Every structure is written in C-alpha cells, then in structure tokens.
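Enquirer: Predicted model follows, preceded by the sequence.
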2 protein chains.
Amino acid sequence: MLNQLSPLDLAFQALADPTRRAMVERLTRSPASVGDLARPFSMSLPAVLQHLSVLEGSGLVASEKIGRVRMCRIEPAALSLVEQWINARRIEWGRRLDRLGAYLEELKAKGDSDGSNE
Amino acid sequence: MLNQLSPLDLAFQALADPTRRAMVERLTRSPASVGDLARPFSMSLPAVLQHLSVLEGSGLVASEKIGRVRMCRIEPAALSLVEQWINARRIEWGRRLDRLGAYLEELKAKGDSDGSNE
DNA sequence: ATGATACTAAAGTAAATGCTTAACCAATTA
DNA sequence: TAATTGGTTAAGCATTTACTTTAGTATCAT
C-alpha cells in the first residue's frame, strides 16, 4: 500500500484527476482566486477546496490569502519533476531502439555476407 | 464523479501509482514476463496482474501470451500523450512569462521616461 | 501421466478518494 | 451595525483502489 509518498507520487496523483488537471491548466494561464477556479465546475466550493489542497500538497500549486480572497498560482518546479520522469523514460526507450537498431544492422551485415534469404 | 475517462486520464491515473511507474521503468529497458515484472515487488502475483491490467487499460503497456508466459512491452504512444500535456503547460507558462516580461519592459520604459524613482 | 511452472479468476477487505451538506468565520459593503 | 461575499471546517457517504487469499487452468518437463 501507499505509505511514504515521494514528491513524484504526489505530483502524478494530483494530476490523475481531470478536475485538478483543468485547474492546473487554468492556473498556467494566470493566477486565480478560489472562486475563479471553482466557477467552471459544477461542484460545491468545498469540493474545489479539497482538490486545491491536493494540488498544494503536491507542490504543483501555491496560494496566499489577501484580505478575504485566496490567490492561487502554479509552481512550475513540481511540474518539471513530472516532465523529467517522462523524459528519462523517453531517453531509455531511445537507447533501447538504438541497441535494437545496432543489432538489426549487425544481423543485416551478416545476412548480406552469407546466402540466407532476407 | 469520474465517468467517461479520457485516454489522458487513464494514462495519468496509471502512472499515479509507484508500483506501476516502476513497472513502466522496468519495461522501458526491455520487454518482460509477468513473473519478471513481479519479482522486484513484495506483493502477490495477482496484485501485480491487477496493476498490469490498469497499465494495459491505459494503453501504456501491451502484452501477448506465448505458451504459458505473457510478455509485456511498453507502448510509447500513451506516454507521449502525457508528455504532450506537460509540454502544453510549459508552453503556456512560457507565454505567460513573456507577457509579464513585456509588461515589465513597458513599465520600465515608462519609468525611464518620467521622474518616478525605480 | 505427474508434477512443476506461469499465470488467471473470484471474492473479500481496509483504506483512500471524490464528493455532499450544514455550519461557521472573517473581510467588505451598504 | 447588519448583510453579503469569499472562503473554511467538519462530518458523512458511495465508490474506487490496492491489496489479500483461495482456487483454479493451461503449458512444459520428466
């Protein structure tokens, strides 16, 4: 089961929910208040607050209360953590294709030198 | 509530679990059997199978049974879906910084031309 | 044929998730 | 000062998630 969650876990979990992803998309354009964030959704304000707290817990979003309105903004560092994980997979995948390519080249060279078909 | 899940939802949800992410990492290096995938984890085989089925459902992994062993491989298209979402956010974020920068430049130009301090 | 191997299916469970409603409080505004 | 606005807290609930154990079913080796 999931006990000590890494920052990467928290980020991926936060982004797994479409509502939260939409909130991140919104905040990527500009900072917004809790009410602003809630407006597009057909759910209660407390529900939105809970999503927001997941986002804050993951480090993807930060917020600050000014007067009676809480302004929220994205925190790009957490997003780039996710980005790095994906990139690492792509790089490894590329390396694999390279190895496979080299192997196929080797096979081909061998095949060209003897009389086997294909 | 979550009803019709988009491919992106499925991919993010699949990657939200550390066990499944580890399985993806393993498969990025080379294809592996169910048993291979299970070995590093201290959980039952059925549990691993369930994780695998989530990964397959998300399109991140494909598998094929040969004899009595099921070989699994990653399916990079689904990963690149996630990558694209992240990139889109980074681009939007960049655009925002550009706008902010332009605004600050404008302020600065104005500030340089009049007598205000700073 | 017998047993071992590799996986699969089914059912059950504790905990987490994504909501809700019903208060509540603290800044504005009238 | 009283009402409104914007947010917050707490409690409760249905569903989903991440497992477990138990009991299979096909292969493959001997």
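Expert: Thanks, I have it.
Enquirer: make it CA atoms for all contacts and neighbour counts henceforth
Expert: Fine.
Enquirer: what's the burial count for residue A:102?
Expert: For residue A:102, the neighbour count with other C-alpha atoms under 10 Å in any protein chain shown is 12.
Enquirer: Let me know the secondary structure of residue A:63.
Expert: Put simply, residue A:63 is strand when judged by DSSP: H, G, I helix; E, B strand; the rest coil.
Enquirer: So what pairs up with it in the strands?
Expert: As for beta bridges, residue A:63 partners with residue A:72 under DSSP bridges.
Enquirer: check contacts around the residue nearest to residue A:96 when sequence neighbours are not counted.
Expert: Leaving aside its chain neighbours, residue A:96 sits nearest to residue B:29 (6.5 Å; criterion: C-alpha to C-alpha, 6 or more residues apart in numbering or on different chains). Listed by C-alpha atoms under 8 Å, 6 or more residues apart in numbering or on different chains, the contact partners of residue B:29 are A:92, A:93, A:96.
Enquirer: what about residue A:5, is that helix, strand or coil?
Expert: Residue A:5 ends up coil, using three-state DSSP.
Enquirer: what's the spacing between it and residue B:16?
Expert: The spacing between residue A:5 and residue B:16, counted by C-alpha to C-alpha, to the nearest Å, is 11 Å.
Enquirer: Please apply the same query to residue A:28.
Expert: Between residue A:28 and residue B:16 the computed distance is 21 Å (C-alpha to C-alpha).
Enquirer: Same drill for those two, tell me which one is more crowded.
Expert: residue A:28 (24 against 21).
Enquirer: now check the helix or strand where the more buried one lies, is it near DNA strand D?
Expert: In this assignment (DSSP states H and E), residue A:28 forms part of helix A:18-29. No. Helix A:18-29 lies out of reach of DNA strand D by C-alpha under 7 Å from any atom of the strand, never closer than 12.0 Å.
Enquirer: confidence score at the spatially most central residue of chain A?
Expert: For chain A, the residue sitting closest to the mean C-alpha position, by C-alpha atoms, centre = their mean, is residue A:82 at 4.4 Å. Looking at residue A:82, its pLDDT reads 96.
Enquirer: how about it, secondary structure?
Expert: helix.
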